[in-house]
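J.: Sequence first, then the predicted structure:
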Amino acid sequence: MKGERVERKLAAILAADVVGYSRLMGQDEEGTLARLKAHRHELIDPKIAEHKGRVVKTTGDGILIEFPSVVEAVACAVAVQCGMRECNAVIPADRRIDFRIGINLGDVIVEEGDIHGDGVNIAARLEALAEPGGICVSRVVRDQVRDKLDLVLEDLGELSLKNIARPVRVFRVRPGGVPTATAADPALPLPDKPSIAVLPFQNISGDPEQEYFVDGMVEDIVTGLSRIKWLFVIARNSTFVYKGRAIDVKTVGRELGVRYVLEGSVRKAGNRVRIAAQLIDTANAAHVWADRYDRALDDVFALQDELTMSVVGAIEPTLRKAEIERARRKRPESLDAYDFYLRALPFASTCMPEDADTALPLLEQALRLEPDYAAVHALIAWCHEQRYLRGGLREEVRAAGLRHARAAIAAGGDDAPALAIAGFVIGVLEHDFAVALDAIDRSLALSPSWALALSFSAIMRAWKGDDPTAVAHAETALRHSPYDPLIWMPFIGLAYTHFFSGRFEEAVGAAGRALQGNPRFSVPCFLRTAALARLGRNAEAAASAQLLLELQPGFTIASLVESEFTSPERLTMLAEALRRAGLPERGRAR
């Protein structure tokens, strides 16, 4: 109500949260909640009461407390962290509950027992800067306590905090003679799937205003990677503690329990910005991937989105390739469902029926271990689609492919790869484009930079006649994931679109690029043959037709018409071009 008086007061605010809360809950939800409750009852709440604090509110992994005195707030924080260190001494590293704490003194708005304002926000940002088991405070807190408590106060300098207008001078608090968690602590165990931490990127442009851009991009990259269901991604709050620090990636791997680290830098010069990023294996500090991006700084948010898509799009196939190699080195008796899936993936991805036959036993072993594994159901469906189209158009194979595709969609509502592959299989085997495109679009909503989903979308939309979207999705896949082993797939989408749009020269080029990427695959070969025939390059079309018959000896125009999926008009256009190239109408009678 206008004119209503707002209640304000000066308060010492303490914000704390649990380090790695999502990981702990994922490992043992009931045990984590029970241990956290015990710590509250036996240590934290008594210390808050002793130091005259008041709990303002709690979240699943955090707590906000106000104190009438800065000295009491810091003394309470130190007592809690020392007590937690004693509690954790006998607890395995992967089950420890560690807190980060931030403390600020500031003016707050009081409303129905809650408190708001920059004083609270700064405390929360300071908490995110603290290391596990550590405490960070603002300069005003440091000034109040430095001569009253036995503390070591390390100056971290003036730091730009998210959504805080001015830089804040930050100090790390350490009780005299009591260190915080260090690399000497036992390493956290690796999760049972690939794990990555995105470290804060360095702003080397000398422009403090770029900190918001840099931090925002890192946050977007974390969000983008988090959409990859098979990847374990450390929350940004847990990696932000490394901001402004010289770090060793092996130490980060130990402290966070991750296999990979992404680090990078941003340099602004004039109206251009350069982003450098590198992916490192924490076990041996080996570089897995590195790239550099130069862009015009016209629209900051559009640039941020584009760079995020590029980085995530490049990391996904790189990590998958690294994990496939890791699975290949494992002893067979140590394999789990995920490892069987990884071993099958290279064979399923060639689109060749003989390789599908190799992949299927591995995938069936994965399904025996984990019957509702959506990605495995999807890959089995894809294998059957390949065996159906290029292995005799057998109805039982088609039925098996559709059965597993539907199982993948039912079990994988939040699994982008499962949705995209299953949708494509349904589009091919059942010609149900509504269901197929819905699944592919849901996949892209979950993981917009995933090249294979973009490629499937491009191909299917070319069949449907949506040429602008087909081209846009194929070009996005090529731009954002240029190192993907399946990079030939978007070229197939382009080849279809260019051919049906009458751009036969472009169709020859796109089909040729696809054929270079997968020389054994017949689809780009028949598209190239058809485009050459329409251009009147008859000798080249005849040679391409001969190669097609070598790649797929049973190929006929009749079988193509039976198995292809586009509109009757477009299918007629394709069949007529293949007839010009001299390909057989039907197989020889026996």
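T.: Good, I have the coordinates.

J.: Helix or strand with the lowest mean pLDDT in this protein?
T.: Every helix and strand in the chain was compared by mean pLDDT, DSSP states H and E; the lowest is helix 236-239, with a mean of 72.

J.: Export it to PDB, keeping only CA atoms.
T.: Extracted as PDB, the C-alpha positions of helix 236-239 are listed here (Å, rounded to 0.1, in the frame of the first residue of the first chain):
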ATOM      1  CA  ARG A 236      27.700 -23.700 -10.300                       C
ATOM      2  CA  ASN A 237      27.700 -22.800  -6.600                       C
ATOM      3  CA  SER A 238      30.200 -25.600  -6.000                       C
ATOM      4  CA  THR A 239      32.600 -24.400  -8.700                       C
END
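
J.: The chain should start at 833 in everything you say after this.
T.: From this message on, residue numbering opens at 833, which makes the last subject helix 1068-1071.

J.: Work out the gap between it and the centre of the chain.
T.: 15 Å (C-alpha atoms, centre = their mean, to the nearest Å).

J.: what's the answer for stretch 1341-1360, then?
T.: 30 Å.

J.: just the strands in the stretch 933-1082 of the chain please.
T.: With DSSP state E, counting those that start in this stretch as the criterion, the stretch 933-1082 of the chain has strands at 946-948, 967-970, 983-991, 1000-1007, 1027-1030, 1034-1035, 1064-1065.

J.: And the fifth one, what does it pack against?
T.: When contacts are defined as 3 or more C-beta pairs under 8 Å, 6 or more residues apart in numbering; DSSP states H and E, strand 1027-1030 packs onto helix 1042-1058, strand 1064-1065, helix 1068-1071, strand 1092-1101. The C-beta positions use only the backbone N, C-alpha and C, and glycine is treated the same way.

J.: and what of the first one?
T.: Strand 946-948 is packed against strand 886-890, strand 931-943, with contacts defined by 3+ C-beta pairs under 8 Å, 6+ apart.

J.: what sits up against the least confident helix or strand of the chain?
T.: Residues from elsewhere that reach helix 1068-1071 (C-beta atoms under 8 Å, 6 or more residues apart in numbering): 849, 851-852, 932, 960, 1029-1032, 1050-1051, 1054, 1088.

J.: How many neighbouring residues does the closest residue to residue 1362 other than its chain neighbours have?
T.: Distance criterion C-beta to C-beta, 6 or more residues apart in numbering; nearest residue to residue 1362, sequence neighbours excluded, is residue 1409 at 3.7 Å. For residue 1409, the count of nearby residues is 23 (other C-beta atoms under 10 Å).

J.: cool, and residue 1080?
T.: Neighbour tally, residue 1080, other C-beta under 10 Å: 11.

J.: Report the separation between it and residue 931.
T.: Using C-beta to C-beta, to the nearest Å, residue 1080 is found at 24 Å from residue 931.

J.: for residue 1057, same thing?
T.: On the measure of C-beta to C-beta, residue 1057 and residue 931 end up 26 Å apart.

J.: State the pLDDT value of the residue lying closest to residue 1283 once chain neighbours are set aside.
T.: Once flanking residues are discounted, residue 1283 sits nearest to residue 1313: 3.6 Å by C-beta to C-beta, 6+ apart. pLDDT for residue 1313: 71.

J.: Check residue 1376 too.
T.: Per-residue confidence (pLDDT) for residue 1376: 95.

J.: Hmm, residue 1414 and it touching each other?
T.: No - using C-beta atoms under 8 Å as the test, residue 1376 is too far from residue 1414 to be in contact (10.4 Å).

J.: you'd agree residue 1088 is up against residue 1029?
T.: Yes - when contacts are counted by C-beta under 8 Å, residue 1088 is listed as touching residue 1029 (5.0 Å).

J.: Next, show the common contact partners of the two.
T.: With C-beta under 8 Å, 6+ apart as the test, residue 1088 and residue 1029 both reach 1066, 1070, 1071.

J.: Report how many residues lie close to the last one.
T.: For residue 1071, the count of nearby residues is 24 (other C-beta under 10 Å).

J.: now do the second one
T.: Burial of residue 1070, expressed as a neighbour count using other C-beta under 10 Å, amounts to 22.

J.: Okay, it and residue 1092: tell me how far apart.
T.: For residue 1070, the distance to residue 1092 - C-beta to C-beta - is 15 Å.

J.: And for the last one?
T.: Plainly put, residue 1071 is 12 Å away from residue 1092 if you go by C-beta to C-beta.

J.: same question, the first one
T.: Between residue 1066 and residue 1092 the computed distance is 10 Å (C-beta to C-beta).

J.: who touches both of those two?
T.: Common neighbours of residue 1066 and residue 1092 (C-beta under 8 Å, 6+ apart) are 1027, 1028, 1029.

J.: Most neighbours among the residues you listed, please name it.
T.: residue 1029 (27 neighbours).

J.: list the contacts for the closest residue to residue 1348 other than its chain neighbours?
T.: Leaving aside its sequence neighbours, residue 1348 sits nearest to residue 1320 (C-beta to C-beta, 6+ apart; 7.4 Å). Counting by C-beta under 8 Å, 6+ apart, residue 1320 touches 1345, 1346, 1347, 1348, 1349, 1350, 1353, 1356.

J.: for residue 1305, same thing?
T.: 1286, 1287, 1289, 1290, 1293, 1322, 1325.

J.: wait, isn't the second one in contact with residue 1321?
T.: Yes - in this structure, residue 1287 sits in contact with residue 1321. The criterion is C-beta under 8 Å, and the distance is 3.5 Å.
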